[in-house]
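1. Just the structure for this:
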Amino acid sequence: MKRFVLLILMLILVASTFTGCGTGEGNGTDTTRTITDSAGRTVEIPAAVERIVPLGNAPRMITYLGLANKVVGYGGSDPAKVTPVTAYAYANREIWANIPIVGTDSAGATAYYAEEIIAVNPDVIICSYTKELADEIQIKTGTPVVVVAQGTLFGEDYEQALRLIGDVCGVEDRAEEVIAFINDCLTDLETRASAIPDEDKPTVLGAAATFKGAHGIDGVYCKSAVLGAILANDVTEGLSDKASGVLIDKEKIIEWNPQYIFFDSGGVGLVRADYEKIPDFYAQLAAVQNGDLYQYPSSTSYYSNVEIPLVNAYYVASLLYPEQFADIDFEEKANEIFKFFLGIDNYLDSLEAVGAGYGKVTLG
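-> Presented below is the predicted three-dimensional model:
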């Protein structure tokens with residue numbers, strides 16, 4: 001009788017073991033599910049993702065979705081050199097202090113370190129790379145790799161990337177919250193700006209643009225997402241059919257003669273040095289004559305920020321369209337946006353502490 005009871009117990013144990021394993025939707029720790037990523041790849045991932053390695057632009061998106069504490073390795077640059085302009089990385093500098101860098105995209109060179117990725121044992125790797133590179137990483141690490149769009153600033157592909165990460169990591173509600181927040185800001189900006197007739201809008205130029213490093217006044221933004229969000233009278237209209245930073249002949253700026261010029265803070269030093277050499281050039285510009293030169297943090301720093309250009313848009317709009325934005329306290333609005341994306345209070349103070357804050361620029 002005892003042997004019979006023992007046999008029954010063993011059969012129950014074996015049955016329960018097999019029931020707890022397998023694939024498909026379920027609550028077991030070993031369950032998996034299949035998703036289709038942005039590159040059209042079919043990827044089998046754990047049903048519950050707790051350990052993430054984000055590469056490319058994914059670390060920023062992971063941060064916005066409140067997943068920074070699930071990162072076990074990431075693609076990025078030296079934490080000791082990160083400034084508040086790379087907002088997501090600066091916000092995570094303590095959380096990720098002991099998290100290894102397992103890849104980099106610095107200076108446009110993409111690299112990943114397979115052995116280091118294997119060592120941190122992630123559940124999934126999320127990257128903004130090509131299908132071919134994702135396949136390569138997956139083969140070399142033996143870890144599911146999910147491709148998301150790198151994301152066009154304020155574009156639909158950015159929304160798709162956030163939704164996919166939200167699905168993979170089980171934070172779908174936060175993804176929708178982030179998307180709604182961005183769109184609410186953009187709607188607010190556009191609604192206010194559209195109340196002003198185009199002929200009444202001052203001309204404006206985004207200069208000292210950041211692309212492949214810092215530039216002086218001859219580095220300008222074409223189809224700037226910041227200026228586009230507020231329907232600004234951008235003097236570079238027609239210069240290019242895509243959003244980009246380009247170097248131009250300075251004489252073109254004389255021809256445009258914008259009423260307002262906004263510089264990336266990282267290029268202001270180059271502008272001032274140039275002014276010392278050729279002050280007569282700058283003296284011809286209406287923006288210089290009227291004292292309408294301003295700086296804001298660069299929207300681009302290890303791929304494109306989202307929170308900074310949103311704040312930049314409110315800053316520029318408050319100067320170009322003061323009546324329409326009279327009810328907006330800029331500092332309050334800026335810190336609200338930074339808090340939402342980064343979880344940090346008074347982030348303006350961090351930017352100002354390194355000379356990357358918002359304000360008027362003087363030359364000479």
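2. Any idea how far apart the tips of stretch 251-268 sit?
-> Its start and end residues considered, stretch 251-268 measures 19 Å (CA to CA, to the nearest Å).
3. Same question for that stretch: list its buried residues.
-> When burial is assessed from 16 or more other CB atoms under 10 Å, stretch 251-268 yields the following buried residues: 253, 256, 258-268. For glycine as for every other residue, the C-beta is placed from the backbone atoms N, C-alpha and C.
4. Which elements pack onto the host helix or strand of Asp135?
-> Element membership of Asp135 [criterion: DSSP states H and E] is helix 131-141. Helices and strands touching helix 131-141, by 3 or more CB pairs under 8 Å, 6 or more residues apart in numbering; DSSP states H and E, are helix 114-120, strand 124-127, strand 145-147.
5. export the ones you listed to CSV and tack on mean neighbour count?
-> Shown next, in CSV, are the helices and strands packed on helix 131-141 (neighbours: other CB atoms under 10 Å):
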stretch, mean neighbour count
helix 114-120, 16
strand 124-127, 27
strand 145-147, 27
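6. Those: which one's closest to Glu307?
-> Glu307 sits nearest to strand 124-127 of all the helices and strands packed on helix 131-141, at 19.8 Å, using CB to CB.
7. Please save the CA atoms from the closest one in PDB.
-> What follows is strand 124-127 as a C-alpha-only set of coordinates in PDB (Å, rounded to 0.1, in the frame of the first residue of the first chain):
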ATOM      1  CA  VAL A 124      15.700  40.400 -24.000                       C
ATOM      2  CA  ILE A 125      17.800  42.800 -26.000                       C
ATOM      3  CA  ILE A 126      16.000  45.800 -27.400                       C
ATOM      4  CA  CYS A 127      17.800  47.800 -30.100                       C
END
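8. Run through the stretch 101-250 of the chain and note the low-pLDDT ranges.
-> Counting by pLDDT under 70, the ranges of the stretch 101-250 of the chain that qualify are 107-108.
9. So which residues of it form helices?
-> With DSSP state H, counting those that start in this stretch as the criterion, the stretch 101-250 of the chain has helices at 114-120, 131-141, 156-169, 172-193, 225-229, 250-256.
10. Give me the neighbour count for Ala193.
-> Other residues near Ala193 come to 19 when the count uses other CB atoms under 10 Å.
11. wait, Lys201
-> The number of residues packed around Lys201, counting by other CB under 10 Å, is 17.
12. Please apply the same query to Ala195.
-> 11.
13. Show the model's pLDDT score for the nearest residue to it once chain neighbours are set aside.
-> Residue nearest to Ala195 in three dimensions, not counting chain neighbours: Gln324, with 5.7 Å by CB to CB, 6 or more residues apart in numbering. At Gln324, the model reports a pLDDT of 97.
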